[in-house]
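Student: could you work out the structure for the sequence below:
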Amino acid sequence: MNGGIQPWGRFATFGIAFVVMMASQFAALIALSWWLGLGLGQMPDFSGDGVAVALIILISTPIQLLLLATFAQRRGHDVLGYLGLIVPRRSEVIFGVAVTAALIVAGNVLSWLLGQNIVTPFQTDIFRTAGAAGPLAMVTLWLAVIVVTPIGEEIMFRGFLFRGWLQTPRDAWAVIAITALLWALIHLQYDWYVTGQIFAFGLMLGWMRWATGSTILTILLHAMINLEGMIETVVASQWPT
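Tutor: Next comes the predicted model:
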């Protein structure tokens, strides 16, 4: 706590997070429609367009972060403390990287045993379309996926939501599970199997947030997960099976 000042309540926290997410996504769509010279009703399906996906991420995330910081500050809190943006200890980083690496390997082995594709069609589609648009588009996609997405999603789920929902120590596992589930469910581009893997990663990230108090650590680990996914996509694109 910060001088006895309470965070937003559970329902208010969820409502704020939902409105902020929808508003930032809508703002990004408006900006993209203006850039393309199309009305919102004329917008094509961008689900596999790497350039459009990257631009939406790059536009919506700063808006989302600004709004979350504003709401955190409205409660009289230090924004960085409220969102868990504290520097982790070196031992916590080393442990987190080791656990994340082990979970990535376990997930890939499980996918291989179950006959599931390690790289999804969504990953190959955005990589292919960004590559076709040129080097700048590809760099933008890597920046959006590896840097901007982890910052935005972790501050939303393991930052703002986690802080508002963790009212007492006994709430910890419920909050870890619920934030992991919600985080998994926003990834509508994937099937149930990949969504399950994301949920597992979310449990790990939530536990790291609870154990260390650092959202910066979960941002780093999330970036590591996304980087590994992009590298796998490059390999799959260069040497398709």
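Student: how about the contacts made by the residue most central in space within the chain?
Tutor: By C-alpha atoms, centre = their mean, the mean C-alpha position of the chain lies nearest to Glu153, the distance being 3.2 Å. By C-beta atoms under 8 Å, 6 or more residues apart in numbering, the contact list for Glu153 reads Trp183, His222. For glycine as for every other residue, the C-beta is placed from the backbone atoms N, C-alpha and C.
Student: could you check the pLDDT of it?
Tutor: For Glu153, the pLDDT comes out at 98.
Student: count of neighbours near Ile118?
Tutor: Ile118 is flanked by 17 other residues according to other C-beta atoms under 10 Å.
Student: from Val145, how far out is the nearest residue in space to it that is not next to it in sequence?
Tutor: Among residues not flanking Ile118 along the chain, Ser111 sits closest, at 5.1 Å (C-beta to C-beta, 6 or more residues apart in numbering). Distance from Ser111 to Val145, counting by C-beta to C-beta, to the nearest Å: 20 Å.
Student: can you check Val99 too?
Tutor: Distance, Val99 to Val145, using C-beta to C-beta: 21 Å.
Student: output the below-cut-off pLDDT ranges for this structure.
Tutor: Applying pLDDT under 70 to the chain picks out residues 1-5, 40, 42-44, 240-241.
Student: at 50 what do you get?
Tutor: Low-confidence segments of the chain (pLDDT under 50): 1-3.
Student: check which residues of the helix or strand harbouring Phe71 are buried.
Tutor: Taking DSSP states H and E as the criterion, Phe71 maps to helix 50-74. For helix 50-74, a neighbour-count test (16 or more other C-beta atoms under 10 Å) marks 50-61, 63-65, 67-69, 71-72 as buried.
Student: ok so, going back, quick one, which of Ser111 and Val145 is more surrounded?
Tutor: Neighbours per residue (other C-beta under 10 Å) separate Ser111 from Val145, with Val145 holding more: 24 against 16.
Student: just checking, that one touches Asn226?
Tutor: Yes - between Val145 and Asn226 there is a contact under C-beta atoms under 8 Å: 5.2 Å.
Student: now the angle from the lengthiest helix in the chain to helix 50-74?
Tutor: Assignment by DSSP state H gives helix 10-36 as the longest helix of the chain. Interaxial angle, helix 10-36 versus helix 50-74 (axes from the mean of the first three to the mean of the last three C-alpha atoms, to 10 degrees): 140 degrees.
Student: who are the packing partners of helix 10-36?
Tutor: Contacts defined by 3 or more C-beta pairs under 8 Å, 6 or more residues apart in numbering; DSSP states H and E place helix 10-36 against helix 50-74, helix 162-165.
Student: having no further points to raise, I will conclude here.
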